[in-house]
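[1] Sequence unavailable; structure follows:
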């Protein structure tokens, strides 16, 4: 299969988390879109929440590119397919520029630097300069020289105190030959609200459009947008997707009912796009609106999200719960990821200690009363046929939640290991055609 050449692209990264790369990325995307540029947005690494903000800013769906969970051919295929009929691709990095998993995965450690090297796309570094002057240039110089296969094309200074502060920083960048593309002043009104898993979701941010417009205004007035766009480069010649494998996760059914609302929003777009390309029909439904999954669906998918914040409503959603139970009785394939997995269990105890009854398709009981972070990449082998594939298949993904398992007792679903190959205790569950685990699946080994 021949896929059209990808447009030029660039990566917006930072030396560390919290430097403001999401804010800058959203502002650049929206500002370019306002100028008529067709922006293809991407997120490096395993992230759901930033994708929705990207889609709102760029007015086009965003896609994850994860070098730990995806092979190089899979990454290239996604880039080529997703950037059709666009002018410019912008990737938001993850954590610090060179930060990734403790050990390599399928095409690297999952860092923004690995992706930049694979795609030959230049990096724009967002540097939080609060509390420093020339040191910011030293940090940028270190990033520029750390890897020969990663090109730092310029920096955007963030949280500049005042014009005098900027004037004390820029001469150092002139001396080392790194271009300053802009400088954003410190402005708390530009900060997006957060909760325990990251940003408050875009669909829950009532003034999202107004916020994006303010960001775009600020970026347009403080950065050289033309210079930023001009830095983008095409994928290196010879790196194409003509012989690329697919994403490695086949559709769990022909007609797939997918839970989709504020409680179930952690769905990777590239998986759904792949299922559609393979001929599957996607039928969204809202458990929070007490909608039952489509009665004609031969597969039901419950993604992760925030069920713990909506426990009472989900427990009272009798049509939803009844629809799940009826589907399980009929032998419909049902799979839950993380939050969806917990909803398939007996009950969820929220952070306040209140227990909410769930679907009861597993014996699983979970609690947020004593939070414990579970975070990291995962490689899992399926112990039984399920919505993720056939027994023995290998899938790659990540775990990110604060829930504790109070009790469980069903047949395990996966044999799971972290990035270092260390066995992970959480094994998920399987009962008949119902399956689930805390694993958020990104890709599988293509067969």
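    Happy to help now that I have it. The structure presented is a predicted model; accordingly, all values stated were derived computationally and were not measured. Residues are numbered from 1 along each chain as shown.
[2] So residue 394 sits against residue 379, correct?
    Yes. At 6.6 Å, residue 394 counts as touching residue 379 under the criterion of CB atoms under 8 Å. All C-beta spots, glycine's among them, are computed from the backbone N, C-alpha and C.
[3] Those two: who's more crowded?
    More crowded of residue 394 and residue 379, by other CB atoms under 10 Å: residue 379, with 22 against 14.
[4] Quickly note the distance from the more buried one to residue 64.
    To residue 64, residue 379 is 17 Å away according to CB to CB, to the nearest Å.
[5] Tell me the confidence at the spatially most central residue of the chain?
    Geometric centre of the chain, nearest residue: residue 47, 2.0 Å, by CA atoms, centre = their mean. At residue 47, the predicted lDDT confidence score is 86.
[6] ditto for residue 194
    For residue 194, the pLDDT comes out at 60.
[7] Could you report the neighbour count for residue 259?
    Close neighbours of residue 259, defined as other CB under 10 Å, add up to 27.
[8] Next up, the contacts around it.
    Contacts here follow CB atoms under 8 Å, 6 or more residues apart in numbering; on that basis residue 259 touches 284-287, 293, 300-303, 340.
[9] what do you get if the cut-off is 10 Å, keeping everything else the same?
    Contact analysis of residue 259 by CB atoms under 10 Å, 6 or more residues apart in numbering lists 265, 267, 284-288, 291, 293, 300-303, 305, 307, 320, 324, 336, 339-340, 343.
[10] Likewise for residue 124?
    Contacts of residue 124 by CB under 10 Å, 6+ apart are 10-14, 21, 24-25, 28, 90, 93, 152-156, 179, 181-182, 223, 227-228, 231-232.
[11] do residue 216 as well
    Contacts of residue 216 (CB under 10 Å, 6+ apart): 26-35, 57, 225.
[12] switch the cut-off to 6 Å
    Neighbouring residues of residue 216 by CB atoms under 6 Å, 6 or more residues apart in numbering: 27, 30-31, 34.
[13] which secondary structure element contains it?
    Assigned by DSSP states H and E, residue 216 belongs to helix 208-222.
[14] and if you look at residue 157?
    strand 152-160.
[15] orientation of the helix or strand just after that strand relative to helix 208-222 in degrees?
    With elements assigned by DSSP H and E, the helix or strand that comes after strand 152-160 is helix 163-176. With axes from the mean of the first three to the mean of the last three CA atoms, to 10 degrees applied, the angle from helix 163-176 to helix 208-222 works out at 60 degrees.
[16] Name the residues of helix 163-176 that come out as buried.
    For helix 163-176, a neighbour-count test (16 or more other CB atoms under 10 Å) marks 165-166, 169, 172-173 as buried.
[17] Do you know the pLDDT at the closest residue to residue 371 other than its chain neighbours?
    Excluding the flanking residues, the one nearest residue 371 by CB to CB, 6 or more residues apart in numbering is residue 402, at 4.2 Å. Residue 402 carries a pLDDT value of 91.
[18] Give me the neighbour count for residue 402.
    Neighbour tally, residue 402, other CB under 10 Å: 16.
[19] Would you mind measuring from it to residue 437?
    Counting by CB to CB - residue 402 and residue 437 are separated by 16 Å.
[20] try residue 57
    In terms of CB to CB, residue 57 sits 32 Å off from residue 437.
[21] Over to the nearest residue to residue 72 once chain neighbours are set aside. Which of the three states is it?
    Nearest residue to residue 72, sequence neighbours excluded (CB to CB, 6+ apart): residue 107, at 4.3 Å. Three-state call for residue 107 (DSSP: H, G, I helix; E, B strand; the rest coil): coil.
[22] Against residue 444, how distant is residue 107?
    14 Å.
[23] Residue 26 now?
    Counting by CB to CB, the gap from residue 26 to residue 444 is 31 Å.
[24] go on, residue 211?
    Residue 211 sits 36 Å away from residue 444, going by CB to CB.
[25] now swap in residue 188 and tell me
    The gap separating residue 188 from residue 444 is 43 Å, by CB to CB.
[26] So between those two, which is more surrounded?
    Each of residue 188 and residue 444 has its neighbours counted (other CB under 10 Å); residue 444 has more, 25 against 6.
[27] how about the residue lying farthest from the centre of the chain, what does it touch?
    The outermost residue of the chain relative to its centre, with distances by CA atoms, centre = their mean, is residue 164 at 37.8 Å. Counting by CB under 6 Å, 6+ apart, residue 164 makes contact with nothing.
[28] Give me the contacts around stretch 405-421.
    101-103, 362-367, 376-381, 383, 423-424, 427-431, 435, 437.
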